[in-house]
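Colleague: Quick one: sequence and predicted model below, then my questions.
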Amino acid sequence: MHSPFHRSRLVSLLIVAASASSAARADDSPKPKDDSLGAAPPPGAVVLFKDSLSPWTKRDGRAAAGWKVEDGSFVVVPGSGDIMTRERFRDFRLHLEFAVPLMPEAKGQARGNSGVYLQGIHELQILDSYGLVPQDNDCGAIYKQIVPAINACKPPREWQTYDITFRAARSENGKVTEKARLTVLQNGLKIIDDREISPTPGGIAGIELGEPGPILLQDHGNEVRFRNIWIERLP
C-alpha cells in the first residue's frame, strides 16, 4: 500500500503531466496568418475602399460618411455614427482588413468594438478578443448567435482580415424558405463554416430578408481602423 506521501506525490505528477499536455495542445493550435493581408480584388469586384470614402454614406443613405481617412486607411470617429455602402448586395464574397485599438483600461464590449453588418442586418463582431476563450459576443462571432470555432485574433494595432462568403436568405410569397448562410475566415483561419444565421440587433430597419442590402460598419465609440475593402457579387 502506498503511503499518503507517495499518493500525494503521484497526484502532483499527474497534475503536472496534464498541464504540460494542455500547454502542448495550446501550442499546436492554429496561428493567425498574414496570407490574405493586401489581397487584390478579382476582376469585376467592387472596391469599397482604396483611398476615399466616396462609396460610403452615413446611415441615412444621403450624408457623406464622417469617418477619417489617413495613411491608406480610415478610422471610426467616435460619435459620428455608422456608415454604409451606397450600393447594395445580395450574395457575395467580401474582403475587409481591420485593426482594433489598444485599450488596456477597457473591458469586454468597450474594448475595440465595431461590427460588420452584412446586408445591413447580420452583425459579424469586431472586438479586441486577443487571447480569450471565444464567446458569442467576441471578435468573429455572429452577435449572440454563433461562437467562432477558434480564436483567430491578433493583438491590438495589428492588421487583421475577414474573408466572408455570404448567401442571402431565400423567400417565396413573403415567407422565408431558407435562412442566410455564411462562411468566415479570420486571418486565414476558418472560424465559421457554412452556418445559418438570422438578423441581429442594431441593423438597418426595413430591409427584407433575401433582398439586397448594404454593408454597414458600426460606430461603437472606439477608434477601429479599416482598409482594403472589396466585394465580389456571386451568381
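Modeller: Thanks, I have the structure now.

Colleague: drop to CA atoms for contacts and neighbour counts, all remaining ones
Modeller: Noted.

Colleague: quick one: stretch 91-111 to chain centroid distance?
Modeller: On the basis of C-alpha atoms, centre = their mean, to the nearest Å, stretch 91-111 sits 7 Å off its chain's mean C-alpha point.

Colleague: tell me which residues in it are buried?
Modeller: By neighbour count with 16 or more other C-alpha atoms under 10 Å, stretch 91-111 contains the buried residues 91-102, 109, 111.

Colleague: can you list contacts of it?
Modeller: Identification of contacts with stretch 91-111 by C-alpha atoms under 8 Å, 6 or more residues apart in numbering yields 37, 39, 112-113, 126-128, 156-168, 222-235.

Colleague: Could you do stretch 202-211 as well?
Modeller: Contacts with stretch 202-211, where a contact means C-alpha under 8 Å, 6+ apart, come from 90, 117, 120-123, 168-171, 176, 180, 213.

Colleague: let's see 10 Å
Modeller: The contact list for stretch 202-211 (C-alpha atoms under 10 Å, 6 or more residues apart in numbering) reads 59-60, 84, 88-91, 116-123, 167-172, 174-180, 198-199, 213-214, 216, 218.

Colleague: are any of those residues buried, and which?
Modeller: 59, 84, 89-91, 116-123, 167-169, 179-180, 199, 213-214, 216, 218.

Colleague: Narrow these to those in helices?
Modeller: Assigned to helices by DSSP state H, none of the buried ones among the contacts of stretch 202-211 qualify.

Colleague: mind listing the helices for the chain?
Modeller: Taking DSSP H as the criterion, the chain carries its helices at 4-27.

Colleague: What ranges in it fall below the confidence cut-off?
Modeller: Within the chain, the segments meeting pLDDT under 70 span 1-28.

Colleague: Try it again at 90.
Modeller: For the chain, applying pLDDT under 90 flags the ranges 1-30, 173-174, 208.

Colleague: which residues sit in contact with residue 220?
Modeller: Counting by C-alpha under 10 Å, 6+ apart, residue 220 touches 76-82, 109-115.

Colleague: From residue 206, how far out is it?
Modeller: The gap separating residue 220 from residue 206 is 22 Å, by C-alpha to C-alpha, to the nearest Å.

Colleague: try residue 153
Modeller: As judged by C-alpha to C-alpha, residue 153 and residue 206 stand 33 Å apart.
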